[in-house]
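>>> Sequence plus predicted model, see below.
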Amino acid sequence: MDFTLLFIQTINGLQLGLLLFLVASGLTLVFGILDFVNLAHGSIYMFGAFICASLTFFLGNFLWAVLIALPIVAIIGYLIERTIVQSLYARNHLDHVLGTFGLILVLDTLAHLIWGPAGIAVPLPQWLNGRVEIFEGVVIPTFRLLIIATGSGVALGLLWLVNYTRLGMLIRAGASNRTMVSALGIDIQLLFGLVFALGATLAGLAGMLIAPITEASIGMGGEIIITAFVVIIIGGIGSIKGAFIAAIIVGLIDTLGRSFLDTLFKLVMSIEAAESSAPAISAMLIYILMAAILAFKPQGLFPPKVR
Amino acid sequence: MNRKQTVTLAVMVALAVMPPLFVWTGNAFYLDLATRLVILAIAAVSLNLLLGYGGMASFGHAAFIGIGAYAVGIPAYHNTYGEFELIASYNGFFQVFLAVAITALFALITGVICLRTKGVYFIMITMAFAQMVFYLFVSLDVYGGDDGLVIDTRSEFPLINLDNPLHLYFLSFASLTAVMLIVRTITRSQFGKVLQGAMGNEERMIALGYNTFAYKLTAYVISGAMCGYAGALLGNFTTFISPEMMGWTRSGELMFMVILGGAGSTIGPIVGSGLFVLVEELFSSYTIYWHLPFGIMLILVVLLFRGGLLGLISGNSKSGGH
């Protein structure tokens, strides 16, 4: 086996996992605390990418664009929560799925109206566009390292926020007993709005980080949202720690599966059979993983302790 | 007759009478629309058995449609281009048998795993299995992969000729009627009562000594097989099949048809799929941005019409159809 390739693909898998975590953490926060299933989370990720792309062209600088796009996405998230999502809290999960399914159509078409049908590439500044040689023969794009650094930083920040701050305490309290928290005089409406906006910001950030690699496009939300759901279901709904571990596992398995499954298969079957079956199996791998985990642990790896 | 029965009768009579009129007045396009509507209605009725009577929100029913369609396309492909003599056939009975048998088997295997979970986990695991099938067909290059497969020759049956649009329509319509009657009979039987009892309070039914898992699994298999049958018809209708027809948004649309019309009623899914197909056609003829008003409509339906349109109809006069 080629160890240089293995190392590079592990880095790529890690990067995919951290991006998935950014999307999934917002999803699992909203799910765990607001008890709300948000299929439209992927559309916010897409909006983050598009807004960042427009601002990059307007300002001529990617980093400034990200810094300005983040509060914009937060406001969009807050507005969506106030107008549509809050009317759905009292409903069952099926209504959440259907309502936000409608929301996806609305948001995706709005993006189509504003930015047109074609994708928008996002140029990187010179110093981010290069490559770094980590050791002899292993070269990694600088930007991928930035994604890994940002993802890890946000993950640590989120764990700190949830476990060691007053807001985090309220968030955890809201997750275990909503009625009690509001009875203690906490503005639960504001708290919910903030949590939703936080989730939206995280998804938007993920969109901004991926845009320079893949470009901003209409279909990107639908692609990531299903994978993000796989992550939070594997991790256990509402668990930030679970989402982190599951995101890394899914990112690694997906990336490594796509590049090495045929090599593994060739050890046990004919080359022809391996080459025809490996692409199919590797595309299904994360769903197989999810089904296998749910078959043994119907509530994921870190099930919610309450409710 | 109460309002619901009146609506049921009116819808079924309209579906029986209108399409021949379309043909005689030279509006073949509307016949196409009616055929699509009726085939999707079969899928919606099958999903309603789970969603409306069993409380099982399957988010993966498009996979059954896709498998059913490929059960027509793959034997026809091999009959035209050789290889796989065992399944190569244009025979409609064989293809439909294949569609129903494979979807029933798929439902049985996945159902055993899916039904261990509840609520949103169930929604997501059914979706996961559908995604597996989706990616399986995407990677099957023999059958076109992403690009899909053209069905050169439709299923062959004695007496009826599916190349005749009216024959295809009436086969679909008769199938819809049969499927409705099957679901109606099931839900009124002892079996259906237990299923609905488990939807309301599963612990109570278990305490009464019922093996609710077996009941739910049986319903899941029946629903999957009926949906596979709808897929076989859809393949014959479009004569082009691709993995796109089992994407997760398709499953979402199917769920919407059931909810739109009203889950847990005989005619609800048909009203729902009818309205869905007609509104989609209407909006998309005006603007390429038709998903915008369509999405707003879906959100409003969820927010305002609890119990679907049928709840509205049986409550007061018809409205909201624009």
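Nice, I can see it.

>>> Next, count neighbours for residue 224.
You didn't pick a chain, so chain A it is. With neighbours defined by other CB atoms under 10 Å in any protein chain shown, the count for A:I224 comes to 24. Glycine gets a C-beta too; all of them are placed from N, C-alpha and C.

>>> I was thinking of chain B, sorry if that wasn't clear
31.

>>> for B:A225, same thing?
So B:A225, with other CB under 10 Å, has 22 neighbours.

>>> Just the pLDDT for A:V230.
Listed pLDDT for A:V230 reads 90.

>>> which one is it nearest to, not counting chain neighbours?
A:M290 (4.9 Å; CB to CB, 6 or more residues apart in numbering or on different chains).

>>> How about the contacts made by that neighbour?
A:M290 sits next to A:V230, A:I233, A:I234, B:M124, B:I125, B:A128 when contact means CB atoms under 8 Å, 6 or more residues apart in numbering or on different chains.

>>> What of A:S277?
Residues in contact with A:S277, defined by CB under 8 Å, 6+ apart, are A:F265, A:M269.

>>> model confidence over stretch A:48-61, on average?
Taken as a whole, stretch A:48-61 has a mean pLDDT of 91.

>>> okay if I get the contacts of A:M290 as TSV plus distance to A:I188 and neighbour count?
What follows is the contacts of A:M290, written out as TSV (distance: CB to CB, whole Å; neighbours: other CB atoms under 10 Å in any protein chain shown):
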residue	distance to A:I188	neighbour count
A:V230	30	27
A:I233	26	28
A:I234	29	26
B:M124	27	24
B:I125	31	28
B:A128	33	27
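
>>> got CSV for these, with secondary structure and distance to A:A111 too?
Converted to CSV, the contacts of A:M290 look like this (DSSP: H, G, I helix; E, B strand; the rest coil; distance: CB to CB, whole Å):
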residue, secondary structure, distance to A:A111
A:V230, helix, 24
A:I233, helix, 27
A:I234, helix, 29
B:M124, helix, 25
B:I125, helix, 30
B:A128, helix, 27
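
>>> Which one of the residues you listed is nearest to B:G209?
B:I125 (27.7 Å; CB to CB).

>>> Let me know how buried B:S189 is, in neighbour terms.
B:S189 has 11 nearby residues by other CB under 10 Å.

>>> what residues are up against B:G308?
B:G308 touches B:I259, B:L260, B:G261, B:G262, B:A263, B:G268, B:V271, B:G272, B:V301, counting by CB under 8 Å, 6+ apart.

>>> Near chain A, list only the ones from those residues.
B:I259, B:V301 (CB under 8 Å from any CB of the partner chain).

>>> ok, the contacts of B:G308 vs B:T218, which is closest?
Once CB to CB is applied, the member of the contacts of B:G308 that ends up nearest B:T218 is B:A263, at 19.3 Å.

>>> Could you grab the helix/strand/coil label for that closest one?
Of the three states, B:A263 takes coil under DSSP: H, G, I helix; E, B strand; the rest coil.

>>> Same check on B:P158?
B:P158 - assigned by three-state DSSP - is coil.

>>> And it, how far from chain A?
According to CB to the nearest CB, to the nearest Å, B:P158 and chain A sit 37 Å apart.

>>> next one: B:L40
Distance, B:L40 to chain A, using CB to the nearest CB: 17 Å.

>>> what does B:A99 give?
B:A99 sits at a distance of 21 Å from chain A (criterion: CB to the nearest CB).

>>> From the contact counts, what lies against the strand or helix carrying that residue?
If you go by DSSP states H and E, B:A99 is part of helix B:92-114. For helix B:92-114, the packing partners by 3 or more CB pairs under 8 Å, 6 or more residues apart in numbering or on different chains; DSSP states H and E come out as helix A:271-296, helix B:61-81, helix B:119-139, helix B:212-238.

>>> and those, which one is worst for confidence?
Mean pLDDT values for these show the minimum at helix A:271-296, a mean of 82.

>>> Let me know the secondary structure of residue 303.
Going with chain A. coil.

>>> The chain in question should be chain B.
Classification of B:L303 by three-state DSSP places it in helix.

>>> Now for it: which residues touch it?
For B:L303, counting by CB under 8 Å, 6+ apart, the contacting residues are A:I84, A:S87, A:L88, A:G99.

>>> These: which two are farthest apart?
The most widely separated members of those, counting by CB to CB, are A:S87 and A:G99 (8.5 Å).

>>> Can you mark which positions in the helix or strand bottoming out on mean pLDDT in chain A are buried?
Within chain A, no helix or strand scores below strand A:131-135, which has a mean of 77 by mean pLDDT, DSSP states H and E. Residues of strand A:131-135 include none that count as buried (16 or more other CB atoms under 10 Å in any protein chain shown).

>>> Over to stretch A:52-59?
Of the residues in stretch A:52-59, those buried (16+ other CB under 10 Å) are A:C52, A:A53, A:S54, A:L55, A:T56.

>>> so what's A:L18 scoring on pLDDT?
At A:L18, the model reports a pLDDT of 92.

>>> what angle separates the helix or strand containing it from helix A:271-296?
Using DSSP H and E, the element containing A:L18 is helix A:3-34. Relative orientation of helix A:3-34 with respect to helix A:271-296: 30 degrees, computed using axes from the mean of the first three to the mean of the last three CA atoms, to 10 degrees.

>>> packing partners for the helix or strand just after helix A:3-34?
Sequence-wise, the next helix or strand downstream of helix A:3-34 (DSSP H and E) is helix A:41-59. Applying 3+ CB pairs under 8 Å, 6+ apart, we find helix A:41-59 packed against helix A:3-34, helix A:62-83, helix A:93-115, helix A:188-214, helix A:220-235.

>>> angle of helix A:41-59 against helix A:220-235?
Per the same axes, to 10 degrees, the angle that helix A:41-59 makes with helix A:220-235 is 130 degrees.

>>> got the angle between helix A:41-59 and helix A:62-83?
Using the same axes, to 10 degrees, helix A:41-59 lies at 140 degrees relative to helix A:62-83.

>>> re the thing from before, of the contacts of B:L303, which is the most crowded?
A:G99 (25 neighbours).

>>> On the pLDDT front, check that residue for me.
The predicted local confidence for A:G99 is 90.

>>> Nearest residue to it in space, please, no chain neighbours.
B:V302 is the one closest to A:G99 (CB to CB, 6+ apart), at 4.1 Å.

>>> pretty sure that neighbour contacts A:D95?
Yes. B:V302 is within contact range of A:D95, at 5.4 Å (criterion: CB atoms under 8 Å).

>>> okay, and the common contacts of those two?
Both B:V302 and A:D95 are in contact with A:L88, where contact means CB under 8 Å, 6+ apart.

>>> Between these two, which is the more surrounded one?
Shown here are B:V302 and A:D95; by other CB under 10 Å, B:V302 has more neighbours (26 against 16).

>>> For the residue sitting nearest the centre point of chain B, what is the enclosing helix or strand?
Centroid-nearest residue in chain B: B:A43, 1.1 Å away (criterion: CA atoms, centre = their mean). Secondary structure assignment for B:A43, by DSSP H and E: helix B:28-54.

>>> now that helix and helix B:212-238, what's the angle there?
Here helix B:28-54 points in a direction 180 degrees away from that of helix B:212-238 (the same axes, to 10 degrees).
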